[in-house]
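1. okay, sequence plus prediction incoming.
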Amino acid sequence: MILIPNSTVASGNITNFSKMSTRRVDFVFGIGYDDDLKLAKSTLQQIIDADGRILKDPGSFIGVGELGESSVNFTVRVWVKAEDYWGVHFDTIEKVKLTFDEKGISIPYPQMDVHLNGNKGLS
């Protein structure tokens, strides 16, 4: 147990050290229900395989994690050296968006359809 006075935490800088040399990066990427599931999965695998910062051991995981309200959501988990965590995190998100755009794989977003029925109640 380590006790730290509140004033030290509130007014000082905290440096987070970990004794683990690797970290897992978790992603969720959604595609449209009309998109090619196998193409999206193989595209994600290609992106992961092409990044030399992503460790081969332990291996990566890509699978359908959820059938959401407006998207089919892939769960992607990769392992990296601790110092590569944020670079891989941000670079992978950007690469997925650009590559999905190139391949015509949609990334849906929540939207609402409003249907008006004539002039009922409108003046």
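-> Looks like it arrived, so ask away.
2. list the buried residues of the helix or strand containing residue 46.
-> Assessed by DSSP states H and E, residue 46 sits inside helix 37-50. Within helix 37-50, the residues that qualify as buried are 40, 41, 43, 44, 47, 48, counting by 16 or more other C-beta atoms under 10 Å. Backbone N, C-alpha and C define where each C-beta goes, glycine included.
3. and the helices in the protein, which stretches?
-> With DSSP state H as the criterion, the chain has helices at 6-11, 37-50, 85-103.
4. nearest to residue 27, out of the ones you listed?
-> Residue 27 sits nearest to helix 85-103 of all the helices of the chain, at 6.5 Å, using C-beta to C-beta.
5. contacts for the helix holding residue 46, please.
-> With contact meaning C-beta atoms under 8 Å, 6 or more residues apart in numbering, helix 37-50 is reached by 29, 31, 54, 60, 62, 64, 72, 74, 76, 78, 92, 95-96, 99-100, 103, 105.
6. hang on, the earlier thing: could you dump the helices of the chain to JSON lines with mean pLDDT and distance to residue 111?
-> Converted to JSON lines, these look like this (pLDDT from 0 to 100; distance: least, C-beta to C-beta, whole Å):
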{"stretch": "helix 6-11", "mean pLDDT": "74", "distance to residue 111": "42"}
{"stretch": "helix 37-50", "mean pLDDT": "98", "distance to residue 111": "20"}
{"stretch": "helix 85-103", "mean pLDDT": "98", "distance to residue 111": "18"}
